[in-house]
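Participant: how would this look folded up:
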Amino acid sequence: MLGEDIFRFFEGVYYSLTRKQTPDQSFLPSRRAFISKVGLGLAALPFGALLYGAWKGKYNYQVREYELSFDNLPEAFDGYKVTQISDIHVGSFDDKEEVEYAIDLVNKQGSDTIFFTGDLVNNISTEMHGWESVFGKLSAKDGVYSVLGNHDYGDYYGWEGTKEEVIASKKANMEMLYGIQRQMGWRLLRDENIAIKRGNDLLHVVGVENIGNGRFPKYGDLNKASVGLTEKDFKILLSHDPSHWEDDVRHNDLNYHLTLSGHTHGMQFGIEIPGFIKLSPAWFVYKKWAGIYKEFGRFINVNRGFGFLGYSGRAGIWPEITVITLKKS
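Facilitator: Numbering: from 1, shown residues only. Reported below is the predicted structural model:
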């Protein structure tokens, strides 16, 4: 339609200069009308998708299953199954029944363990009030492990008071969040690692606090989180922001076999047809924005997110529950 307006401008200039009062009506006007209708139809497609995303798409939970093979996976963990969810953003939810359905769907996967990779809230910990019993139902044989995301630290909330009062408020906010996760039975990893044991074999879960790439705050310390581990230990790293994998993890000498991240939400808008096309504005911001990637013999999964933020919906990039089965090559 902009193109049509540009044509009209030059058409008007032409007829003014030539002193012609009535332009030729035989072809161009009908053609412009056709273009206008096509433009309107094309504009209706994303508009309709956004409406559907706000109505139904934000709770259209998808289970995505992967099988990943590793040469040095301990024998006892061959076939070990993990479920990952990320970016809950509980302050955005407006339908408790739909969320309860999704939690039940997570548990029905029957995974050995559940990992949550950050952004439990939008801004402050009080958003979790009333939701503890819902997310406390997450259950797996080897437990639920979590890390923090950039939204969990209260950095985006408008704290009031002196500098000292703001620091005290943010500290109290964090202590509340830690307490809520303990209450739900989640094991929050703050720059530390823990071993899951099967017979004589170990699988090491490493959890770092948020590490962004400049646009987002950096709180984590990968070296601190990995104290006591060697290159030969099989490791799953929980790190909220996939840019951390790009910058520090994929080529790290300590060899982190599998990294689980979130953060991008896949921008909550795009087109995905498995095996054919995967497009989203997230591609312009993140090299790894959704799904499984492999470099240097190491894997990362970028979860598309469980909740939503900003735009109250999802169009084409649906909320995700990831199930990964570890196999020995």
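Participant: Which residue ranges of the chain form strands?
Facilitator: For the chain, applying DSSP state E gives strands covering 62-70, 81-85, 113-117, 144-147, 186-188, 192-198, 201-207, 235-238, 258-261, 271-273, 277-279, 291-295, 298-302, 320-328.
Participant: Partner strands of the second one, with direction?
Facilitator: Paired with strand 81-85 in the same sheet, following DSSP bridges, are strand 113-117 (parallel), strand 320-328 (antiparallel).
Participant: and those strands as CSV, adding distance to residue 212?
Facilitator: From N, CA and C alone the C-beta is placed, and that goes for glycine too. Formatted as CSV, the strands paired with strand 81-85 follow (distance: least, CB to CB, whole Å):
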stretch, distance to residue 212
strand 113-117, 14
strand 320-328, 21
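Participant: Highest mean neighbour count out of those?
Facilitator: Burial of those is given as mean neighbour count (mean count of other CB atoms under 10 Å); strand 113-117 ranks first at a mean of 26.
Participant: what is the orientation angle of it with strand 201-207?
Facilitator: With axes from the mean of the first three to the mean of the last three CA atoms, to 10 degrees defining the directions, strand 113-117 sits at 20 degrees from strand 201-207.
Participant: Put the alpha carbons of strand 113-117 into CSV.
Facilitator: Extracted in CSV, the C-alpha atoms of strand 113-117 (Å, rounded to 0.1, in the frame of the first residue of the first chain):
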residue,chain,number,x,y,z
THR,A,113,15.2,-35.9,36.5
ILE,A,114,13.8,-32.5,35.7
PHE,A,115,15.8,-29.4,35.0
PHE,A,116,14.6,-25.8,35.1
THR,A,117,16.9,-23.3,33.4
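Participant: Check whether residue 107 really touches residue 137, as I assumed.
Facilitator: Yes: counting by CB atoms under 8 Å, residue 137 is a contact partner of residue 107 at 7.0 Å.
Participant: Which residues are in contact with residue 132?
Facilitator: Contacts for residue 132 (CB atoms under 8 Å, 6 or more residues apart in numbering) come out as 180, 183-184.
Participant: cool, residue 311 as well?
Facilitator: 50, 53-54, 268-269.
Participant: okay, those in a markdown table with pLDDT next?
Facilitator: As requested, those are exported to a markdown table (pLDDT from 0 to 100):
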| residue | pLDDT |
| --- | --- |
| 50 | 73 |
| 53 | 69 |
| 54 | 72 |
| 268 | 92 |
| 269 | 89 |
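Participant: Now tabulate the strands of the chain in JSON lines and tack on mean pLDDT.
Facilitator: Formatted as JSON lines, the strands of the chain follow (pLDDT from 0 to 100):
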{"stretch": "strand 62-70", "mean pLDDT": "97"}
{"stretch": "strand 81-85", "mean pLDDT": "98"}
{"stretch": "strand 113-117", "mean pLDDT": "98"}
{"stretch": "strand 144-147", "mean pLDDT": "98"}
{"stretch": "strand 186-188", "mean pLDDT": "98"}
{"stretch": "strand 192-198", "mean pLDDT": "97"}
{"stretch": "strand 201-207", "mean pLDDT": "98"}
{"stretch": "strand 235-238", "mean pLDDT": "98"}
{"stretch": "strand 258-261", "mean pLDDT": "98"}
{"stretch": "strand 271-273", "mean pLDDT": "87"}
{"stretch": "strand 277-279", "mean pLDDT": "88"}
{"stretch": "strand 291-295", "mean pLDDT": "95"}
{"stretch": "strand 298-302", "mean pLDDT": "97"}
{"stretch": "strand 320-328", "mean pLDDT": "97"}
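Participant: out of those strands, which comes closest to residue 33?
Facilitator: When these are compared by CB to CB, strand 271-273 sits nearest residue 33, at 29.2 Å.
Participant: can you pull the pLDDT of residue 286?
Facilitator: Listed pLDDT for residue 286 reads 88.
Participant: Just send the strands of the chain back as CSV, with distance to residue 162 too.
Facilitator: Below are the strands of the chain laid out as CSV (distance: least, CB to CB, whole Å):
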stretch, distance to residue 162
strand 62-70, 47
strand 81-85, 38
strand 113-117, 34
strand 144-147, 31
strand 186-188, 29
strand 192-198, 33
strand 201-207, 33
strand 235-238, 35
strand 258-261, 36
strand 271-273, 48
strand 277-279, 48
strand 291-295, 45
strand 298-302, 40
strand 320-328, 42
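Participant: To residue 161, which of those lies closest?
Facilitator: Closest among the strands of the chain, once you apply CB to CB, is strand 186-188, at 27.2 Å.
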